[in-house]
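**Student:** Test case, fold it:
(chains A and B)
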There are 2 protein chains.
Amino acid sequence: MTDLDRVLATVDADLDGALERLFAFLRIPSISTDRAYAADCRRAGQWLVDDLAGLGLTATLNDTPGHPVVTGISQLGTGKRVLFYGHYDVQPVDPLELWENPPFEPKIIEGPNGVKRIVARGSSDDKGQVMTFVEACRAYLKVTGTLPVDVTIMVEGEEENGSGNLPPFLEAHREELAADIALVCDTSMWNATTPAITVSLRGLMHDEIVVTCANRDLHSGYYGGAAANPLHVLSTIIGAVHGPDGRITIPGFYDGVVEPPDEVKAQWNALGLTPEVFLGPIGLSQPIGERGRSLVEMTTSRPTFEVNGMWGGYIGEGSKTVIPSIATAKISCRLVAGQNPVHVRDAVRAFVRSLIPADCTVEFRGGEGSPAVAVSHDNPNLAKASAALGDEWGKPAVTVGAGGSIPIVGHFKKTLDQDTLLIGFALDDDRIHSPNEKYDLASFHKGIRSWVRVLAALAA
Amino acid sequence: MTDLDRVLATVDADLDGALERLFAFLRIPSISTDRAYAADCRRAGQWLVDDLAGLGLTATLNDTPGHPVVTGISQLGTGKRVLFYGHYDVQPVDPLELWENPPFEPKIIEGPNGVKRIVARGSSDDKGQVMTFVEACRAYLKVTGTLPVDVTIMVEGEEENGSGNLPPFLEAHREELAADIALVCDTSMWNATTPAITVSLRGLMHDEIVVTCANRDLHSGYYGGAAANPLHVLSTIIGAVHGPDGRITIPGFYDGVVEPPDEVKAQWNALGLTPEVFLGPIGLSQPIGERGRSLVEMTTSRPTFEVNGMWGGYIGEGSKTVIPSIATAKISCRLVAGQNPVHVRDAVRAFVRSLIPADCTVEFRGGEGSPAVAVSHDNPNLAKASAALGDEWGKPAVTVGAGGSIPIVGHFKKTLDQDTLLIGFALDDDRIHSPNEKYDLASFHKGIRSWVRVLAALAA
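**Tutor:** Just a heads-up that it's a prediction; the model follows:
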């Protein structure tokens, strides 16, 4: 029997103990957005510090201007180190009356088809997921007295409240937090039987476009037919952004965009994600992205141009025959690997300017951006983690991208210059942020086993 | 010396008396929008009734649910009758501190270049203009004991407040108000030396377009690139309404549009209205209407499509990365002679529907419309009035259209089946609705003389 087998067997044997610890953690109502729970947040952090200290880690409750950050650091001299990130704070629980069980009284409840679920606020997001990693370390330390790789566990208490104090914390603890790779356990599997590693997050550039024509609002009877209307100008511009093939027509917009390797695209195609499954629940049936691209590409590896808000003229009840002076659009672009936010901003602005009639003016307000974050598809840690997950789940982990941003990953890259693998065991039906949040018992159990395998694989 | 000459001489000789009467009328603060002035409105109406009764007309203060309507009717058996319309109510006066002279203490003030001006609220809009007609009748009756044509003078007290009670009044007094032609004195000259007769008013069709895509607002990271955005859909539609030549591309939109006769267009071209003069003051320089059309055509004899207001998504401070579910535009079309509002509405809706993607839906709210109102260019009364004004001003009256609507003219057509000639002597710099409203003494004096000539001409 190998060390690995013995560690896995210990995980299985100690599942009740692991659940007991998780339940103790879940009973602390660490709602970070409500100041009334500040002491509870601190208590949750301290609970975790005590638990990590019990494992022999150097565990600290680090004060911040907000809720404290927990760190637990091993010094085993393994020659390799991973930085693990999670959060101990949870979302508010209202509407409380929709909970079938009190949110901070965790319980195992049998769901459809006899599936056992841990039901409580934070069970999935993110206390349950944090403890999969902690329990994996515990089992390893118990069986072998050491870990395959050294770990720096960092668990914050403000993720649900914007993580405002985390970037300065990273900045101040750069050397202490140095590692070979960061691991985040705050995401989902592809589905209940298919593990997933998220390796890229789209970036974002947002801007506000303000078009002005006449120097005041005009009477549409007197001036209508002669005077320029900024809503027409802005609409014409927005209408010109996408071609009939779904491509963005802005010159230079796609500069530098990196295509994923063919084998990754093949993997995505094999997932068979259909419009019916992805768009059906939101009342749509037809993807509007670039022709010839899969839904996975459209939403993760391809950039977008989106109008998030637009307004001008009279927007009250009834009608008013006015030609407005000003029209405004808030736009944002999701960016992918290889795109420079400043270049994209400038390309968008040049495109808009090129369509502004001589008489009208345009002003831009915003233009902030952050690039996409992506782990190279040939990063060796990715292959190792993927194989380890495959061993546990019986099928290879899929390598996916997230369409939105997870700010911590950008901070790891920017401040610590660390790549991140996001490996999580949540499921889409976990109802995170909603009443009756749950985490399948299998997610917890096999999550711990998965981390055991990943830790072993990363050491190799 | 002809009757006409003697009447004109009497007008000249009695100018001080006419001013005295006008000033008495102007001193009554008949602000119709403010209930605090309800008694003053009634007093202004009664003042006019007394004045008309003094001329020998059957004068009545007709109660309505709002302010009363004044009527004064002659029964001279001339065989022809005109219906004259004006209003005795005035706009509020605030901001009062901007008035150089109290608004209800009329005064003759010398303006630039020694031009004498009657300064008071209502001097131009519309008490001064109403009295040009009344004084013309007075002079005729004094000199000849009769009038060239019978008159039905109707002066309402709610024009500045929407004229809500006038349509039912017209309906209830259809027979009493029957006439051969209606005359309205509430408009401007083309400029200080060029009289104008307004013979057409554009109609209006307004509608609200509501485009819905997904069944809820979406996260632009998760769905962006795949899910339809109603702001893009609506912008694309609005952007497609006008062609690069300024023409409206909606199939059927121009159906039935009547082209004015070449001689009328020639007259408009001779006016030499430039973009500098018309658009300069509002900060524009380039007309956006159909290529090859003059500014006068664009704003009076050609129909328009205008977005009056548009909105969707997040329109607050900062940014929000949402793909909205709904986007809305309030649109209106100015209509010209020959266009049917229902046909235009249906054409617009069909055009919009043709551009709605399969997944999205569109709903329309509104669609109310009123047709343009136009006197035929070969109406004999028009030629007579035009010649009479030419005699007074030394140059022919120009025949123009108004770009907006003047609801009373539509009501005269619809309820009384009467054509209307709008003949006014106001100037564009009269500051109606603003502090220091004025009416040039020459506007008043030559206005009275003009009506004397028009009344004589209409009898012929």
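**Student:** secondary structure class for the residue nearest to residue A:289 when sequence neighbours are not counted?
**Tutor:** Excluding its sequence neighbours, the residue lying closest to residue A:289 (Cβ to Cβ, 6 or more residues apart in numbering or on different chains) is residue A:298, at 3.4 Å. Backbone N, C-alpha and C define where each C-beta goes, glycine included. Put simply, residue A:298 is helix when judged by DSSP: H, G, I helix; E, B strand; the rest coil.
**Student:** In contact with residue A:298, which residues?
**Tutor:** A:287, A:289, A:290, B:225, B:226 (Cβ atoms under 8 Å, 6 or more residues apart in numbering or on different chains).
**Student:** from what I can see, the second one looks like it's in a strand, true?
**Tutor:** To tie it back to what came earlier, the one meant is residue A:289. No - under three-state DSSP, residue A:289 sits outside any strand and is assigned coil.
**Student:** Which pLDDT value goes with it?
**Tutor:** The per-residue pLDDT reported for residue A:289 equals 97.
**Student:** Please apply the same query to the fourth one.
**Tutor:** In the predicted model, residue B:225 carries a pLDDT score of 97.
**Student:** Please name the nearest non-neighbouring residue to it.
**Tutor:** Residue B:225's closest residue in space is residue A:298 (Cβ to Cβ, 6+ apart), at 3.9 Å.
**Student:** Please report the distance of that neighbour from residue A:171.
**Tutor:** 35 Å (Cβ to Cβ, to the nearest Å).
**Student:** Contacts for stretch A:245-263, please.
**Tutor:** Looking at stretch A:245-263 with Cβ under 8 Å, 6+ apart, the contacting residues turn out to be A:240-243, A:268, A:288-291, A:293, A:297, A:301-305, A:333, A:336-340, A:343-344, A:346-348, A:350-351, A:374, A:377.
**Student:** Kindly check the end-to-end length of it for me.
**Tutor:** 25 Å (Cα to Cα, to the nearest Å).
**Student:** Can you find the helix or strand in chain A with the smallest mean pLDDT?
**Tutor:** strand A:368-370 (a mean of 85; mean pLDDT, DSSP states H and E).
**Student:** which residues are in contact with that strand?
**Tutor:** Against strand A:368-370 from outside (Cβ under 8 Å, 6+ apart): A:203, A:204, A:205, A:206, A:333, A:335, A:341, A:342, A:344, A:345, A:405, A:410.
**Student:** so what are the domain limits for chain A?
**Tutor:** A:3-201+A:372-459, A:204-259+A:289-370 (automatic domain parsing).
**Student:** Redo the ones you listed as TSV? Include distance to residue B:325.
**Tutor:** Listed next are the domains of chain A as TSV, based on distance: least, Cβ to Cβ, whole Å:
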stretch	distance to residue B:325
domain A:3-201+A:372-459	18
domain A:204-259+A:289-370	12
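**Student:** Can you say which of the ones you listed is nearest to residue B:431?
**Tutor:** Using Cβ to Cβ as the measure, domain A:204-259+A:289-370 is the one of the domains of chain A that comes nearest residue B:431, at 16.0 Å.
**Student:** for the closest one, the distance to its chain's centre please.
**Tutor:** Distance of domain A:204-259+A:289-370 from its chain centroid, counting by Cα atoms, centre = their mean, to the nearest Å, is 26 Å.
**Student:** same deal with stretch A:449-457?
**Tutor:** 22 Å.
**Student:** What segments of the stretch 101-250 of chain A are helices?
**Tutor:** A:127-144, A:166-172, A:220-223, A:230-241 (DSSP state H, counting those that start in this stretch).
**Student:** a markdown table please, covering those and showing mean neighbour count.
**Tutor:** Shown next, in a markdown table, are those (neighbours: other Cβ atoms under 10 Å in any protein chain shown):
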| stretch | mean neighbour count |
| --- | --- |
| helix A:127-144 | 24 |
| helix A:166-172 | 17 |
| helix A:220-223 | 24 |
| helix A:230-241 | 24 |
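**Student:** Which one, of those, ends up nearest to chain B?
**Tutor:** Chain B lies closest, by Cβ to the nearest Cβ, to one member of these: helix A:220-223, at 2.1 Å.
**Student:** Can you give the contact residues for the closest one?
**Tutor:** Outside helix A:220-223, the residues touching it (Cβ under 8 Å, 6+ apart) are A:214, A:321-323, B:202, B:204, B:282, B:299, B:304, B:306, B:308, B:332, B:334, B:402-405.
**Student:** and the closest residue to chain B within the stretch 301-450 of chain A, how many neighbours?
**Tutor:** Closest residue of the stretch 301-450 of chain A to chain B, Cβ to the nearest Cβ: residue A:404 (2.1 Å). Using other Cβ atoms under 10 Å in any protein chain shown, residue A:404 has 17 neighbouring residues.
**Student:** again with residue A:451
**Tutor:** Neighbours of residue A:451 (other Cβ under 10 Å): 28.
**Student:** Quickly list what the residue in the stretch 51-200 of chain A that chain B sits nearest to is bridged to.
**Tutor:** In the stretch 51-200 of chain A, the residue that lies nearest chain B is residue A:188 (11.7 Å; Cβ to the nearest Cβ). Beta-bridge partners recorded for residue A:188 (DSSP bridges): residue A:426.
**Student:** residues in contact with it?
**Tutor:** Counting by Cβ under 8 Å, 6+ apart, residue A:188 has contacts A:196, A:424, A:425, A:426, A:427, A:428, A:430.
**Student:** go on, residue A:110?
**Tutor:** A:116, A:117.
**Student:** I'd like the distance between residue A:397 and residue A:124.
**Tutor:** Distance from residue A:397 to residue A:124, by Cβ to Cβ: 19 Å.
**Student:** Which of these two has more residues huddled nearby?
**Tutor:** residue A:124 (29 against 25).
**Student:** give me phi/psi at the more buried one?
**Tutor:** Backbone torsions of residue A:124, given as degrees, to the nearest 10, read phi -100, psi -40.
**Student:** Appreciated, that's everything.
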